[in-house]
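# can't give you the sequence, but here's the structure:
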């Protein structure tokens, strides 16, 4: 059985309340032991030893919102490149969204994704099934079979479920199988054909805006439906202040819902669009400063449960065009942790709460035994150099996607090694 | 003299001094169009491409005549936006044109920012001839030129721009331009046609008579009739009654107010025929000045040596 020792690092595991210098031992893909720094003679044969002195050891990150693009758009990303990108960002588990071609609306596609992930992927991949057939917003998918094939959540992400009655049925029916319904909350009749946040910047640029109300209206509807049905609702990529207020109030009165926010929405504003950079075009769009501030408050008080990247790789075919014609989306797997560490540097979050938001909470939300370094749990680990500064150069990404609004930025904190089920899948020092 | 920039993409990024330079240069070129032989050799050997992804009569002709009166070679390309979307990308088209060594590409496009994208990729100068609802800088320059020529100054004037501000590149360019030159700009139209946050940039009024009562200049914008489908206004009849500029509304304004319209005019919709053809209207003067302003732009960007 494979044996791995991570020695001398600062181990931070919010779940077990551990934060200190330890040796961490992995046997057979699981966390086997955690011991105070020993000065005993070196371990015997059969141990792979990684010197982690000066490094931070945390549970591997869990990303509830990733677009791996396979099957169908392999020129944008594949399960192989997307999972390499995840590993390079310290992300050991991804939930891959259903808007592939064909759509993951049946067990055959789910099984295909899982098989590909087993053969070519290097992180844990959980396919998210579609809520409606072909994401067309009409009939429900066979959620029972999707669950049996390995889906633990369903979503039409990329598109809202416009029909309120269908969303109600989805929230009701999914309960049978314990599936979480992830909502892309956007009212398309309010969003229209907007391409960025509606505000002074869109006014200056003459670009069509998407008002905050487009999201708020749908978040409000979904909360009402979750309240009506008791279904398990998760709101994807919350981007506006009003949504934070609605979710906070709903949680207060006990509605069964959770929510995520993306690193770009937590750190950037629509001013990034000045100059018409299509890498700053995503849906929901980058919003105003007051929205960023409200999202951050939501992280702090638990209104927002977790951080998810909404990693959405596109090629130059989709992005090297007029702003109106460019596809929505930005990659995020390889920058999410360092970007969010910026909030720790600012003193806004503690490192402990950040790891909760990026590993512990998303794992719990989906009922996984991951996101922790508890003895016996799968050995998904990220080893981080908190001090290392680096400049984001998309040409060096493992992802096929180069579309990031963080390009050229200097970030502090870099993932050095990533371990999934006891195997080193990323080594940034090679 | 020349502008210290490769491209002219918008008024927002110009300084007051640059605008003054363009306007004074245009004044010196205006006379060329009055001559028997309407041509100067200034830009002989330069190639200018008019790349138009949107239909245009006035602006395209104006740029073409301006180029020819400067002795530059002008080539016109019209691409239907619908076919452009399916066919070659804008970047590829531009790169191919660039391979033929033009000195300047004048581009009009329905998508805001398209000229900016070209400017990033191309070595040649790019002039924005209108990009979506963003900017139409040469229009604003000719509007400022026309007002300054008639009233002798821009500073301290009260300018009202009325109509569908949200969808108007003319409004955006003019609002930046007149403000930079020290005029006071008020926008007027129904709230459905006001883009969000505009009041942080300009004064905004929704009552037409109130807006124009102290105005020195009223600029009427063309209303796109298909906007009725988006419920920006209930009917042409209602729009015309509430926001159309006619003699009755003009009665309450200054006696010597001047009226501009970028064209093409919807007679009887945003402006009545009496007003469009009346003594206060400078609509055709605008068109005339457009040639001089565009000659000045070519001159200042392409750096011809003045005779």
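Thanks, I have it. Here the structure is a predicted model, which means the values were calculated and not measured. Numbers count the residues shown, from 1 in each chain, chains lettered A, B, ... in the order given.

# Strands of the stretch 251-400 of chain A, start to end?
In the stretch 251-400 of chain A, the strands defined using DSSP state E, counting those that start in this stretch lie at A:257-261, A:306-307, A:381-391.

# er, chain B actually
Counting by DSSP state E, chain B forms strands over residues B:47-52, B:73-78, B:104-109, B:125-131, B:158-162, B:184-188, B:203-205, B:217-220, B:258-260, given from the N-terminal end onward.

# same question for the first one, mean pLDDT?
Averaging pLDDT along strand B:47-52 gives 97.

# And the longest one, by the same measure?
Here strand B:125-131 scores 98 as its mean pLDDT.

# wait, does that strand contact chain A?
Yes. Using Cβ under 8 Å from any Cβ of the partner chain, strand B:125-131 reaches chain A at residue B:131. The C-beta positions use only the backbone N, C-alpha and C, and glycine is treated the same way.

# relative orientation of that strand and strand B:47-52 in degrees?
Between strand B:125-131 and strand B:47-52, the angle formed by their directions is 20 degrees, by axes from the mean of the first three to the mean of the last three Cα atoms, to 10 degrees.

# residues in contact with strand B:125-131?
Residues from elsewhere that reach strand B:125-131, judged by Cβ atoms under 8 Å, 6 or more residues apart in numbering or on different chains: A:206, B:6-10, B:50, B:52, B:54, B:56, B:59-60, B:63, B:103-109, B:111-116, B:118-119, B:135-139, B:169, B:297, B:301-302.

# Just these: which are in helices?
When helices are assigned by DSSP state H, the members of those inside them are B:59-60, B:63, B:114-116, B:118-119, B:137-139, B:169, B:297, B:301-302.

# Which residues of the stretch 201-350 of chain A lie near chain B?
For the stretch 201-350 of chain A, the residues in contact with chain B under the definition Cβ under 8 Å from any Cβ are A:202-207, A:209, A:211, A:275-276, A:320-325.

# 10 Å - rerun?
A:201-209, A:211, A:273, A:275-278, A:288, A:316-317, A:320-326 (Cβ under 10 Å from any Cβ of the partner chain).

# Buried members of those residues into PyMOL, please.
Paste this into PyMOL to select the buried members of those, with burial taken from 16 or more other Cβ atoms under 10 Å in any protein chain shown:
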select buried, chain A and resi 201+202+203+204+205+206+207+208+209+211+273+276+277+278+288+320+321+322+323+324+325+326
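
# and the nearest residue to residue A:302 once chain neighbours are set aside, how many residues sit next to it?
Excluding its sequence neighbours, the residue lying closest to residue A:302 (Cβ to Cβ, 6 or more residues apart in numbering or on different chains) is residue A:251, at 7.7 Å. By other Cβ atoms under 10 Å in any protein chain shown, the residues close to residue A:251 number 18.

# got a list of what residue A:251 touches?
Counting by Cβ atoms under 10 Å, 6 or more residues apart in numbering or on different chains, residue A:251 touches A:223, A:257-259, A:301-303, A:305.

# can we see that at 8 Å?
A:257, A:302-303.

# for residue A:186, same thing?
For residue A:186, the contact set (Cβ under 8 Å, 6+ apart) comprises A:160, A:210, A:214-215, A:218, A:283-284.

# pLDDT below threshold where in chain B?
The model of chain B has pLDDT under 70 over residues B:81-86, B:304-307.

# So which bits of it are right by chain A?
Residues of chain B lying close to chain A by Cβ under 8 Å from any Cβ are B:12, B:85, B:89-91, B:109-114, B:116-117, B:131-135, B:166, B:169, B:172, B:195-198, B:200-201.

# Give the buried subset of the residues you listed as a ChimeraX selection command.
A single ChimeraX command suffices to select whichever of the residues of chain B next to chain A are buried according to 16+ other Cβ under 10 Å:
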select /B:12,85,89,90,91,109,110,111,112,113,114,116,117,131,132,133,134,135,166,169,172,195,196,197,198,201
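
# so what's the closest residue to chain B within the stretch 251-400 of chain A up against?
When distances are taken as Cβ to the nearest Cβ, the stretch 251-400 of chain A reaches nearest to chain B at residue A:276, 3.2 Å away. Listed by Cβ under 8 Å, 6+ apart, the contact set of residue A:276 reads A:205, A:323, B:112-113, B:116-117.
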